[in-house]
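**Q** I'll drop the sequence and a predicted model, then ask my questions.
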Amino acid sequence: MHTLVRRYIKTAIVFLAVGLAIGTWMMIRRELFARYPTPYEISAHTHAVFVGFVMELILGVALWLFPRPAKDDTHYRPGLITASYWLLTIATATRIAGELARPSVSSLALRVVVALSGVAQATAILLFFGTMWSRVRPLGSRSREEAGERF
């Protein structure tokens, strides 16, 4: 397993732990202290689990399982996959922290940081799949399909 694949997958597991901690914290506050989570806290929990864990895990597994780039592939650039990792990880962590701070801080600067981190998350995911596009191709399946095999 390539280093970057391991990085995506291990980072996903860290985000899962963060999401579980936020969810547990919200549940304990709700059940024991009648303090219901704010929309910002729910958003932080959701982004930790769905973007931090699920998306990073999907990206890591896709990087691992997709066919290697063709020898003449000039579109695929590993540096962009690394950039996507860092952009997504930093943006997701920033978004989680910003969303958790929002119930007590309503400054314009924090709102801008939260919004920009959301845009950066979307950009990172699109960058990843845009770079991986050329790796989504038939290898042995083309000849099997031409022979009439159905999947």
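**A** Perfect, thanks for sending it. These numbers come from a predicted model, not from an experiment.
**Q** Quick check: residue 53 touching residue 9?
**A** No. At 10.2 Å, residue 53 does not count as touching residue 9 under the criterion of Cβ atoms under 8 Å. Where you see a C-beta, it was placed from the backbone N, CA and C, and this is true even at glycine.
**Q** the more surrounded of these two?
**A** Neighbour totals were compared for residue 53 and residue 9, and residue 53 leads with 22 against 17 (other Cβ atoms under 10 Å).
**Q** residue boundaries of the helices in the protein?
**A** Per DSSP state H, the chain carries helices over the ranges 3-33, 39-46, 56-65, 78-101, 108-132, 141-146.
**Q** Please identify which of those is closest to residue 71.
**A** Proximity to residue 71 (Cβ to Cβ) singles out helix 78-101 among the helices of the chain, at 14.4 Å.
**Q** quick one: buried residues of that closest one?
**A** Of the residues in helix 78-101, those buried by neighbour count under the rule 16 or more other Cβ atoms under 10 Å are 81, 84-85, 87-89, 91-101.
**Q** repeat for stretch 113-130
**A** Quick answer for stretch 113-130 (16+ other Cβ under 10 Å): 113-114, 117-118, 120-121, 124-125, 127-128.
**Q** pLDDT score for the closest residue to residue 113 other than its chain neighbours?
**A** Among residues not flanking residue 113 along the chain, residue 98 sits closest, at 5.2 Å (Cβ to Cβ, 6 or more residues apart in numbering). With respect to pLDDT, residue 98 has a value of 98.
**Q** how much space between residue 51 and residue 134?
**A** Distance of residue 51 to residue 134, given as Cβ to Cβ, to the nearest Å: 25 Å.
**Q** When those two are compared, which one has more neighbours?
**A** When neighbours are counted by other Cβ under 10 Å, residue 51 and residue 134 differ, and residue 51 comes out ahead with 23 against 15.
**Q** May I have the residues that are in contact with the more buried one?
**A** Under the criterion of Cβ atoms under 8 Å, 6 or more residues apart in numbering, the contact partners of residue 51 comprise 15, 88, 92, 95, 121.
**Q** hang on, the earlier thing: would you agree the residue nearest to residue 113 is in contact with residue 110?
**A** Yes. Using Cβ under 8 Å, residue 98 is in contact with residue 110, at 5.9 Å.
**Q** any idea how far residue 63 is from residue 82?
**A** Counting by Cβ to Cβ, the separation of residue 82 from residue 63 is 10 Å.
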